[in-house]
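Student: Output the structure for:
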Amino acid sequence: MASASSTQVFFRVFSRAAVAQSRSCTCSSVAGITWKDFAELAKATYVEVATQEFGKRGRPTNVSRTAVLTGLARREVRKAARGDSL
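Tutor: Residues are numbered from 1 along each chain as shown. Modelled structure (predicted):
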């Protein structure tokens, strides 16, 4: 069951990231988007989806549970949730 949840999170994150990338396509051809920026966007989206979609009893997950679901360190989860990485 954990792998199915991880797979669902993965697909949701990258579908959202693809939408965000396609929306900024005109800007990226002029200004460009670096791999680092895209990776941080994907990480923040990954954390957002894991926090909102996989909570217990309809509540958002805590940092520790989100870290387990995403495979990120708790520090990285907190950073991405606060938006410090962008």
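
Student: And the strands in this structure, which stretches?
Tutor: Listed in chain order, the chain contains no strands at all (DSSP state E).

Student: lowest-pLDDT helix or strand in this protein?
Tutor: Within the chain, judged by mean pLDDT, DSSP states H and E, the helix or strand with the poorest mean is helix 25-30; its value is a mean of 48.

Student: where does the chain have low pLDDT?
Tutor: 1-4, 14, 17-31, 85-86 (pLDDT under 70).

Student: One more pass at 80, please.
Tutor: Across the chain, the ranges flagged by pLDDT under 80 are 1-33, 58, 60, 83-86.

Student: Next, count neighbours for residue 5.
Tutor: Using other CB atoms under 10 Å, residue 5 is surrounded by 13 other residues. From N, CA and C alone the C-beta is placed, and that goes for glycine too.

Student: Would you confirm that it contacts residue 54?
Tutor: Yes: applying CB atoms under 8 Å as the test, residue 5 and residue 54 come out as touching, 6.2 Å apart.

Student: okay, and the common contacts of these two?
Tutor: Shared contacts of residue 5 and residue 54 (CB atoms under 8 Å, 6 or more residues apart in numbering): residue 69.

Student: how about the nearest residue to the residue nearest to the spatial centre of the chain, chain neighbours excluded?
Tutor: Centroid-nearest residue in the chain, with CA atoms, centre = their mean: residue 46, separated by 1.8 Å. When the adjacent residues along the chain are set aside, residue 46 lies closest to residue 13, with 4.3 Å between them (CB to CB, 6 or more residues apart in numbering).
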